[in-house]
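# Provided below are the primary sequence and the corresponding predicted coordinates.
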Amino acid sequence: MVTIILAVFLIVIGIIVPRIFDKEKFKVFGGSFTYITIGLALYFILASSFVIIDADKVGHLNRIYLGKPMPTGQIIALDGQKGPQADTLPPGFTFVPFLKILYDVEELPVVEIPEGHYGFILAKDGIPLRPNQYMANAWPEGKLKNMLIAERFLKGNGQKGPQLTVLPPGKYRINHYLFHIETQQATDIPAGFVGVVRSNIQESVNWETADVPKGIEGSLSVPLVKKGSVGIWDEAMPPGRYYLNRKAYIVTLIDTRVHILDYKGGYRHRFIDLEITQDGKTKQKERSETVEVPKYAADSAVFTRMEGWLVPHELRVQVQVKPEHASFLVASVGDLKAVESTVITPSLRSVVRNVCSAEKVTHLIDEHRAAVEEKIEKALIPEGMKAGVSIEDVRLVASMIPPELLVVRMREQLASQLKDTFIREKESQEQRIQTEKARATAEQQPKLV
């Protein structure tokens, strides 16, 4: 404004002063005083009518004069209104008459979103969100450029507040008066995992016909919804990088690789050793040792009552979450660790007790062992599927059979070993006698000659 006042003042002085006083006295540098003052005025006007914006900046305009006032609540000016303007200036030279007079020009930096991140957008102006709306409607795919043009955003029913649409990596010339950008970490799903999405927003434009959460078949009834609806999506995301709005979506990573669950330790292992005394008698000696639960184990060994004996069993279970079951697992239990503690472990203990209590103890040390394992696995599979976990294999690593039940077998084995030893010694003795006789006969041959 000071510039335009100065320019008008120079023009008035250049016209009026020579008419009042002697024109010859106002010859300056061989020219007319009027022309010089008008030239200076034009210079000031032209100097205030252009701006040069740096390549890494965006020119922002705030109109101060000669405009209509904005309605109450409006932040960004449109169609000649005073205030922060929707239009911005591109890099380079821009000429607009009286630009610096009518506007305050501010250079703000270009927004850059680095690789592995996304830009969360907050709009400071636009149509208010609906009462039941958490975030603004997503802009159609391929229309991001239109969204970032402030005038098109405001005239295209853009909503005020947090935006569901995000900025992928890149550089953007945005209007900082309208948009605030926060850089957030992208969602990376590594190989061997899937991502289960819980959505806080309803992406459907028609809220009256939007999807309603539905349960799925299974012992644990949980709501799963189609992609785009509020709730846990029924399809998990495969490995990759995703620019998901973390304020709208929560992603739970589920490991789909095979896991080994060991159940071992937590008992005293008893032994009965047999010794042969010098007089040939068998002597029993009992000993025991404490078996601790290893740190890597899922839990301690499983104890069962078999034929009146308390038998601890060490087991190894292979489990896996298939990608198509990952969403069901998250909705029903939470994560794989929760499945281990609330589903697999208690189910395994129950199944092993039921199966082994109906078996003979000797079935655990002979050819029946594989059949016992098969029964346990067959009974455990449906229990795992209740939470979306596949039981791939069950193995009885060891069953600590009471040593009293093994003594008879041990005595038989020892007797068999002693018998074999006696037979070998007898054969060896007979062989030695035969050798001695042959040697004696050979020594008598020369005497006979």
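Nice, thanks for sending it over.
# which other helices and strands does the helix or strand residue 51 falls within contact?
Assigned by DSSP states H and E, residue 51 belongs to strand 50-53. Judged by 3 or more C-beta pairs under 8 Å, 6 or more residues apart in numbering; DSSP states H and E, the packing partners of strand 50-53 are strand 92-95, helix 99-102. The C-beta positions use only the backbone N, C-alpha and C, and glycine is treated the same way.
# what residues does it touch?
Residues from elsewhere that reach strand 50-53 (C-beta atoms under 8 Å, 6 or more residues apart in numbering): 59, 89-96, 99-100, 105, 107.
# that strand pairs with which strands?
Strands that pair with strand 50-53, judged by DSSP bridges, come out as strand 92-95 (antiparallel).
# could you tell me how far the partner strand lies from the centre of the chain?
47 Å (C-alpha atoms, centre = their mean, to the nearest Å).
# neighbouring contacts of that strand?
49, 50, 51, 52, 53, 55, 59.
# OK, contacts around residue 167?
Going by C-beta under 8 Å, 6+ apart, residue 167 touches 111, 113, 118, 119, 121, 144, 181.
# using CSV, please lay out those residues together with distance to residue 203, secondary structure and pLDDT.
Output for the contacts of residue 167, formatted as CSV (distance: C-beta to C-beta, whole Å; DSSP: H, G, I helix; E, B strand; the rest coil; pLDDT from 0 to 100):
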residue, distance to residue 203, secondary structure, pLDDT
111, 25, strand, 95
113, 22, strand, 96
118, 17, strand, 96
119, 19, strand, 96
121, 16, strand, 96
144, 16, helix, 87
181, 22, strand, 95
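# next, format the helices and strands packed on strand 50-53 as CSV and append mean pLDDT.
Output for the helices and strands packed on strand 50-53, formatted as CSV (pLDDT from 0 to 100):
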stretch, mean pLDDT
strand 92-95, 89
helix 99-102, 85
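# and those: which comes nearest residue 300?
Residue 300 lies closest to strand 92-95 among the helices and strands packed on strand 50-53, at 74.1 Å (C-beta to C-beta).
# surely residue 181 and residue 112 touch.
No: applying C-beta atoms under 8 Å as the test, residue 181 and residue 112 come out as separate, 9.7 Å apart.
# those two: which has the busier surroundings?
Between residue 181 and residue 112, counted using other C-beta atoms under 10 Å, residue 181 has the larger neighbour count: 18 against 15.
# nearest residue to the more buried one in space, ignoring adjacent ones along the chain?
Nearest non-adjacent residue to residue 181, counting by C-beta to C-beta, 6 or more residues apart in numbering: residue 119, 4.7 Å away.
# gap between the one you found and residue 167?
Using C-beta to C-beta, to the nearest Å, residue 119 is found at 3 Å from residue 167.
# shared neighbours of these two, which are they?
Here residue 119 and residue 167 have 111, 113, 181 as joint contacts, going by C-beta under 8 Å, 6+ apart.
# now the residues you listed as TSV including distance to residue 313?
Formatted as TSV, the entries for these read as follows, by distance: C-beta to C-beta, whole Å:
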residue	distance to residue 313
111	62
113	56
181	59
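# of these, closest to residue 234?
Set against residue 234, the nearest of the shared contacts of residue 119 and residue 167 by C-beta to C-beta is residue 113 (30.7 Å).
# how many residues are close by that closest one?
Counted with other C-beta under 10 Å, the neighbours of residue 113 add up to 21.
# and the gap between it and residue 167?
Applying C-beta to C-beta, the value for residue 113 to residue 167 is 5 Å.
# shared neighbours, the two?
Shared contacts of residue 113 and residue 167, defined by C-beta under 8 Å, 6+ apart, comprise 119, 181.
# what about the residue lying closest to residue 322 once chain neighbours are set aside, how many residues nearby?
Leaving aside its chain neighbours, residue 322 sits nearest to residue 390 (5.8 Å; criterion: C-beta to C-beta, 6+ apart). Using other C-beta under 10 Å, residue 390 is surrounded by 14 other residues.
# how about residue 391?
Number of residues near residue 391 (other C-beta under 10 Å) recorded here: 23.
# show me where the stretch 201-350 of the chain dips below the pLDDT cut-off.
204-222, 274-282 (pLDDT under 70).
# quick one, helices of it?
Secondary structure of the stretch 201-350 of the chain by DSSP state H, counting those that start in this stretch: the helices cover 326-332, 336-339, 345-357.
# what's across from the residue nearest to residue 322 in the sheet?
As for beta bridges, residue 390 partners with residue 320 under DSSP bridges.
# so what's the residue nearest the centre of the chain up against?
In the chain, the C-alpha nearest the mean C-alpha coordinate belongs to residue 253, at 4.1 Å (C-alpha atoms, centre = their mean). Neighbour list for residue 253: 189, 190, 193, 194, 195 [criterion: C-beta under 8 Å, 6+ apart].
# same check, this time on residue 354
Going by C-beta under 8 Å, 6+ apart, residue 354 touches residue 379.
# just the buried ones from the contacts of strand 50-53?
With burial judged by 16 or more other C-beta atoms under 10 Å, the buried subset of these is 59, 89, 91, 96, 99, 100.
# tell me what the residue nearest to the centre of the chain is bridged to.
Bridge pairing for residue 253 (DSSP bridges) gives the partners residue 195.
# quickly note the distance from it to residue 196.
8 Å.
# got it, and residue 291?
Noted for residue 291: a distance of 38 Å to residue 196, by C-beta to C-beta.
# for those two, indicate the residue with more neighbours.
Neighbour count, other C-beta under 10 Å: between residue 291 and residue 196, residue 196 has more, with 24 against 18.
# that one reaches residue 251, doesn't it?
Yes: under the criterion of C-beta under 8 Å, residue 196 makes contact with residue 251 at 7.0 Å.
# hey, what's in contact with both of the two?
Both residue 196 and residue 251 are in contact with residue 237, where contact means C-beta under 8 Å, 6+ apart.
# circling back to that earlier point, what's the most buried one of the helices of the stretch 201-350 of the chain?
Burial of those is given as mean neighbour count (mean count of other C-beta atoms under 10 Å); helix 326-332 ranks first at a mean of 25.
# which strands and helices lie in contact with that one?
strand 193-199, strand 223-224, strand 231-232, strand 249-255.
# report the buried residues of the last one.
Just to be clear, that refers to strand 249-255. Neighbour-count burial for strand 249-255 flags 249, 251, 252, 253, 254, 255 (criterion: 16+ other C-beta under 10 Å).
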